[in-house]
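# dropping the sequence and predicted coords here.
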Protein chains: 4
Amino acid sequence: MELNARTSASESPASPAALMDRYTDVRGWTHRLAEPLSAEDMQVQSMPDASPAKWHLAHTAWFFERFILRDQLGHDAIDDRYEFIFNSYYNAVGPQHSRPKRGLLSRPSVAEIFEYRATVDARMHDVLSGSVSNSIAGLVEVGLNHEQQHQELLLTDIKHALGANPLKPAYLDDAAAFACPEDEQHNAGTWLSFEGGLIEIGHDATKPGFAYDCETPRHTQYVNGFEIFDRLATNAEFATFIDDGGYTRSDLWLDAGWSFVQQHQLDKPLYWNRKDDDATEFTLAGQQPLDPDLPVCHISLYEADAFARWKGCRLPTEAEWEHAAETVGAWGATMDDRVARPTLACRDGMRQAFGECWEWTGTQFRPYPGFTAQPGALGEYNSKFMSDQFVLRGGSMATPRTHLRTTYRNFFPASARWQFTGVRLCRDLA
Amino acid sequence: MELNARTSASESPASPAALMDRYTDVRGWTHRLAEPLSAEDMQVQSMPDASPAKWHLAHTAWFFERFILRDQLGHDAIDDRYEFIFNSYYNAVGPQHSRPKRGLLSRPSVAEIFEYRATVDARMHDVLSGSVSNSIAGLVEVGLNHEQQHQELLLTDIKHALGANPLKPAYLDDAAAFACPEDEQHNAGTWLSFEGGLIEIGHDATKPGFAYDCETPRHTQYVNGFEIFDRLATNAEFATFIDDGGYTRSDLWLDAGWSFVQQHQLDKPLYWNRKDDDATEFTLAGQQPLDPDLPVCHISLYEADAFARWKGCRLPTEAEWEHAAETVGAWGATMDDRVARPTLACRDGMRQAFGECWEWTGTQFRPYPGFTAQPGALGEYNSKFMSDQFVLRGGSMATPRTHLRTTYRNFFPASARWQFTGVRLCRDLA
Amino acid sequence: MELNARTSASESPASPAALMDRYTDVRGWTHRLAEPLSAEDMQVQSMPDASPAKWHLAHTAWFFERFILRDQLGHDAIDDRYEFIFNSYYNAVGPQHSRPKRGLLSRPSVAEIFEYRATVDARMHDVLSGSVSNSIAGLVEVGLNHEQQHQELLLTDIKHALGANPLKPAYLDDAAAFACPEDEQHNAGTWLSFEGGLIEIGHDATKPGFAYDCETPRHTQYVNGFEIFDRLATNAEFATFIDDGGYTRSDLWLDAGWSFVQQHQLDKPLYWNRKDDDATEFTLAGQQPLDPDLPVCHISLYEADAFARWKGCRLPTEAEWEHAAETVGAWGATMDDRVARPTLACRDGMRQAFGECWEWTGTQFRPYPGFTAQPGALGEYNSKFMSDQFVLRGGSMATPRTHLRTTYRNFFPASARWQFTGVRLCRDLA
Amino acid sequence: MELNARTSASESPASPAALMDRYTDVRGWTHRLAEPLSAEDMQVQSMPDASPAKWHLAHTAWFFERFILRDQLGHDAIDDRYEFIFNSYYNAVGPQHSRPKRGLLSRPSVAEIFEYRATVDARMHDVLSGSVSNSIAGLVEVGLNHEQQHQELLLTDIKHALGANPLKPAYLDDAAAFACPEDEQHNAGTWLSFEGGLIEIGHDATKPGFAYDCETPRHTQYVNGFEIFDRLATNAEFATFIDDGGYTRSDLWLDAGWSFVQQHQLDKPLYWNRKDDDATEFTLAGQQPLDPDLPVCHISLYEADAFARWKGCRLPTEAEWEHAAETVGAWGATMDDRVARPTLACRDGMRQAFGECWEWTGTQFRPYPGFTAQPGALGEYNSKFMSDQFVLRGGSMATPRTHLRTTYRNFFPASARWQFTGVRLCRDLA
């Protein structure tokens, strides 16, 4: 998943100083995330959909170089050989190194990539130290949001790489506990009701704030009344689904999902281990006991959908989710808190809506009414992914906190399990 | 594609005599369609998604036997061995012979299958000669609609099988010309405009007439104003797209579509041959000159979508299509007319909306708001296909005429090309 | 497996009348073999390595048309379209229809193929009625041996096709019992010893009789002393191997064989069914009780090799086999006897060496010292299969009796199981 | 390719001091080979058949730990987790980490693996400092030969990994030139003749010197007279083959080879680049001009065989090769000389027979007459690879010099191209 961005037309440019601060913060956070990793860790690509950590580091630098320093400011290439290997999928820019072979690029070394990042940062520092046009400021904002997406991907991909190692090494040795006061933790859960009628969803480009083009335009939809659960489904609930034969009852599954679980002989979420009474899950802090009260995570759309049917419910549409989520401002736990996995439901309202786990919706990713893709290489690509993906909402514990917002449309194929994905129940209002 | 059905709750049962007539007509039409085929033709399965003609003949008989004679009326099995091999995908009924291996079933022979059909028909004749309950009548209606779907599949599958033969044999030696008066044929085409606002689509179960469960409930949607073209895109238009580099410009394609055409090295619709000036297409009447004025047919969603982008347009949503199609009652050419391919646009209004080619919409097949699947084996299965398929509307030249209706939701994966699929352009109302 | 032939240089041509008789016999036998089959049966191709029965019928006729009537006698093509679809793999002749798609050729029909055969036969009758040159006579002999190979393939392929049908239909309803007198049947078995030294194997081209080019030249080999068992391994012996964990002990297997059985989850010969005490095997006479005394059949080289190791033995080399087989003239049961499966060991000496089951040797198929391939299309092709195949010796119950000979080199990949393949033990002379 | 070993029964144990020296030399050479590599380089696995350099480092240490320290001397495991991940394929020892996933093991780190090697070396130092039994001495010799095989594999695998990088980095920056005096270099080449008759090949276990079990027993073979070329085929000769349409003429190829080159669209050796007049090949010293006089390298058996046919010749059998090679004692260039690619033919006799390129023979790898595999885990495994591999002889420039010998049987599948493989012509003596 890699989205492009369009800043709101009416948005006032951030002050240069603020932009510089934000640039420094976001770029620095990438380095912070890479700290626990060795050169060997950063080399590994554990499946075609994942990328090596060092590639994420390089690609995000290339993004600033290509779309600002070179395209806008006419800089020479820092290294002519980097465009081919660090361009992800921008056909308009040129051909790319084969994605499943990113893990073969032992050169440039991690050290050279950090040097490359430093060179880009020095040049960007010069740019941001001067007068910054609106269009450059907008592109910087795009670049920073792009980098934040890759911060999340770096975490999902390195979790997958470490999880593929029989030694089950931990990424974080010093994971933090979640800070919800004990008397505000409660997992019982309840339904939140919403009346039907005309609603509006999507990003309003006349309002301040960043959004990707696929979140626009804000538009009207007619929805029926619905109820949505106030927390994510838990490991305990999902274990009950399993123990009730959930993975063996074809009537609960989408046809493609049934084929998927049969073909891969799936019977539990991606990182679970269940042997006798000793249930564990692999987390960014290594192998940990499976906590029944935490949100179930790393399930495919198929599993989320089957679980919901088993509960007599369904997945929310993205319109329902966004309408409900507009009522809450609370944010869940993210990597900003150095947590190693999704955390407990805290406080009231539509809890765990942001951070924690991406929430599968029942909506396939298609353009909003009136959508037009941004012109040029940067804009051509949201629409190109608009087939056979499902929309996910709300962000995960791996999403940087400032990257979360109500209108955000993440998307992955129905079979994706290595992202931090969970499920929230929904049902028609009786 | 195989849909299940639910008759409208309020529908008066057809009179037994009328039902008997309809049963006789529909079942007889299947035999008419099989007439041009040899035993060898009926044995062939040319790809996993297709079925041998003889299997279609047997499966449709099994459907009446299983869901009416046995489930409702307690008959003994006509042949115990048939359930395993002629059940398509009803897991609730039991396990099934592997779909891609249907072409290996040389026994029972074609003659034995016709005997099986005759036995079912004799028993059904007895049933329909007596008093018929509403529920039985409803199931008969389901079975007949089911058979009509397989009549279309028999044609698409046998076209694929014959088309895979280097000898390019014809299915029809006596194809008819289309009957549109010459002075009413005009291919120029024009845009039809529709205002935005709240509309209703879907089947109203309180009204008479048959519909599958996935067409219900009739419900409200909010749509923006739009324009839709009054005929299908033509071979001439699609040839211009090709000659303009349509298959080689990545910017026109969905990402999955681009991979699809690259992987299979596609550069034209499925049955086209273009060598120098001698362009032909394989039809049910064999290899024929490519007629520039006829609708382009046998294209995937990806090709339809790329073509529409190249035209500066987009595909209609299924709500837009249905809203527009409600304005027309005219029917296009179908196999009832013994035509061998889609035909010329005739008369006025939203022409070619029914028959001719299935029209790809930009909507992925998901449940309507408030949808609940029919209980039991017969109802469990629409919803199971509701992922990663696109909705097609309007029917094709292979669809029996009485099977066409405005609310019909057909669906296939974006890569499907062997169905009779075309494209109609749409755009936002300026 | 399809071999080409070279008649011995010194061979006197058969008398025209004798050749005509043999032509009529061999060609007629093909029709006899096809008698039990319906048009549907003859259409089926159950896997890429197999061919439809009707294709065998057509290809063998094409062989005479191409290499004699057209190449030697300048006839016009009987049907221009047939060369592309009925050429098997002769690149020197021209391009070919894709082998795995032979089952899609519903046209020409079975009836048309019989007409094609009749036309070829009529022309060949004219040819053989006149004066026949040595070179034509030699090519007729090649064509007849070629047809005999396809007679065997027709049987192996139709057994596979019928075996893939859950209804398990029989090919032969009137299979014969084997004619060995009861007092000459004995399964105990014994070792036959051979001294080491210089031996000669291969076909001597100065002697009369037909042989394929790969059987030449007769040449010297040095072998150590060895012992070879006087009958094939039985179902009972193989069942003991299985029950002793044969398929689960990696130490018994070639590495590639271990991967093969793991990947395909094999635990018994191809056509066996073992449920509780009710062991059966699918034969040309349908599902039959598994007879412990009959030779185990339909095993891969890997299974033959693992079985031999488990016995503390090994497979014979082809030189050892041929040297031993030269001592016997007795012929085992073949389809000439209308048997439906391999039969009991009868009489004395190296029993079951001909007919019954092809015997895997431990020799990979490579050219004999001094081998040169026959020039032209007909000769180019033995050598092209000389990699990664194992030699099989002796013929099977599906091999026509007059096609059996001591020097015959059959070859298949180590994983092949659908041929009638068994195992004979060998060991070093102590 | 990983062979096991058996020291000759009659071999006098090396003196402890000599064994210690050899241990130190061989183990040190591994470190020398790893010097040019970064941690990232050592992490990469560029295809399932290759292993990461760091895995080679660890596995070779594990070999000493497992088969000597633990099995023979009862040591505790140095790290319990290592057996699963550093066992290659010894089923008798226990289950193994999936081979194609070796590249995912970012932990243990390269540094930890060097520590592991140091621990093993310290323990082995203690062992070798004392009195060493014959059996331990024999196993040390096995372990050192095993390590030498992996030294070669480390080079072939890292060449493949670096060659897969679009940046084409060099492994050696300081490659040496080959030391053949200029007046002794001559590429013209000539045929060496050998009379036919009884010969002996294979390792004689009563003689001193190390050999793997598959090289035994020394045994008699009968060969016809033959001629063998006195040098390897050159790049210039192979370029002529290509320019003569070698890769497009099906008549030159084994059938499996023809499929192989079609499927992978091959038209030149693995590491060649030919654009206009600028022909280069990727070497351990990076991209270098293609030198017409050097041996062609990195070709499959199929290409070697097709080239030989095009020349009107054939590949030597392994018996012919060994018989001819016994006449020469000269050694070609190896990595001991720090050369980066095969070198010029030097001096006289059967030149380039050792070092330079492994030479494909026409013999498939099967047991010698009278072969029995060594008992136990160490011995079980030569025989398990004795199907569908071809024997290669003579060693390559990546083989340590002391690892070369006349009786050595290397083996790889016919499609292998990433080893240093070339071709020497042979033909029957007229």
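Cool, the structure landed.

# strands of chain A, start to end?
Per DSSP state E, chain A carries strands over the ranges A:6-7, A:191-194, A:197-201, A:210-211, A:219-223, A:226-229, A:272-275, A:278-283, A:286-289, A:358-364, A:390-393, A:410-412, A:421-422, A:426-428.

# winner for burial among those?
Most buried of these by mean neighbour count (mean count of other C-beta atoms under 10 Å in any protein chain shown) is strand A:421-422; its value is a mean of 28. Just so you know, the C-beta spots here come from the backbone N, C-alpha and C atoms, and that holds for glycine as well.

# check the offset of that one from the chain's centre.
Going by C-alpha atoms, centre = their mean, to the nearest Å, the spacing between the C-alpha centre of strand A:421-422 and its chain's C-alpha centre is 10 Å.

# who does that strand pair up with?
strand A:358-364 (parallel) (DSSP bridges).

# mean confidence for the partner strand?
For strand A:358-364, mean pLDDT is 98.

# now swap in stretch A:123-142 and tell me
94.

# which parts of it are buried?
A:123-124, A:127-128, A:132, A:136-142 (16 or more other C-beta atoms under 10 Å in any protein chain shown).

# near chain B, which residues of chain A show up?
The interface of chain A toward chain B, taken as C-beta under 8 Å from any C-beta of the partner chain, is made up of A:89, A:91-92, A:198, A:219-224, A:250-251, A:253-258, A:301-302, A:305, A:314, A:362-364, A:366-367, A:369-370, A:380-381, A:383-388, A:390, A:414, A:428.

# ok, now with 6 Å
A:91, A:220-222, A:224, A:250-251, A:254-256, A:364, A:369, A:380, A:384-385, A:387-388, A:414 (C-beta under 6 Å from any C-beta of the partner chain).

# would you show me how to pick out the buried ones of those in ChimeraX?
Command for ChimeraX that selects the buried part of these, burial taken from 16+ other C-beta under 10 Å:
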select /A:91,220,221,222,224,250,254,255,256,364,369,380,384,385,387,388,414
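
# among the residues of chain A next to chain B, name the ones in helices.
Judged by DSSP state H, those include A:255-256 as members of helices.

# about what we covered before: in CSV: the strands of chain A, plus distance to residue C:79.
CSV is the format used below for the strands of chain A (distance: least, C-beta to C-beta, whole Å):
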stretch, distance to residue C:79
strand A:6-7, 64
strand A:191-194, 72
strand A:197-201, 65
strand A:210-211, 67
strand A:219-223, 63
strand A:226-229, 67
strand A:272-275, 63
strand A:278-283, 65
strand A:286-289, 69
strand A:358-364, 51
strand A:390-393, 54
strand A:410-412, 54
strand A:421-422, 60
strand A:426-428, 65
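
# tell me the contacts of the residue lying closest to residue A:317 once chain neighbours are set aside?
The spatial neighbour of residue A:317 that comes closest, neighbours along the chain excluded (C-beta to C-beta, 6 or more residues apart in numbering or on different chains), is residue A:363 at 4.9 Å. Contact analysis of residue A:363 by C-beta atoms under 6 Å, 6 or more residues apart in numbering or on different chains lists A:317-318, A:391.

# residue A:415 reaches residue A:303, doesn't it?
No: counting by C-beta atoms under 6 Å, residue A:415 sits too far from residue A:303 to count as a contact (9.8 Å).

# what about the two, which has more around it?
residue A:303 (31 against 17; other C-beta atoms under 10 Å in any protein chain shown).

# how much space between the more buried one and residue D:37?
42 Å (C-beta to C-beta, to the nearest Å).

# go on, residue A:349?
55 Å.

# measure the residue of chain A found nearest chain C to chain B for me?
Nearest residue of chain A to chain C, counting by C-beta to the nearest C-beta: residue A:265, 12.6 Å away. Separation of residue A:265 from chain B (C-beta to the nearest C-beta, to the nearest Å): 18 Å.

# so for that residue, what's the pLDDT?
On the pLDDT scale, residue A:265 is placed at 96.

# next, count neighbours for the closest residue to chain D within the stretch 301-430 of chain A.
Residue of the stretch 301-430 of chain A nearest chain D, by C-beta to the nearest C-beta: residue A:418 (13.6 Å). When neighbours are counted by other C-beta under 10 Å, residue A:418 registers 21.

# again with residue A:367
17.

# next: residue A:18.
Neighbours of residue A:18 (other C-beta under 10 Å): 12.

# look up how far residue A:132 lies from it.
Counting by C-beta to C-beta - residue A:18 and residue A:132 are separated by 11 Å.

# cool, residue A:212 as well?
21 Å.
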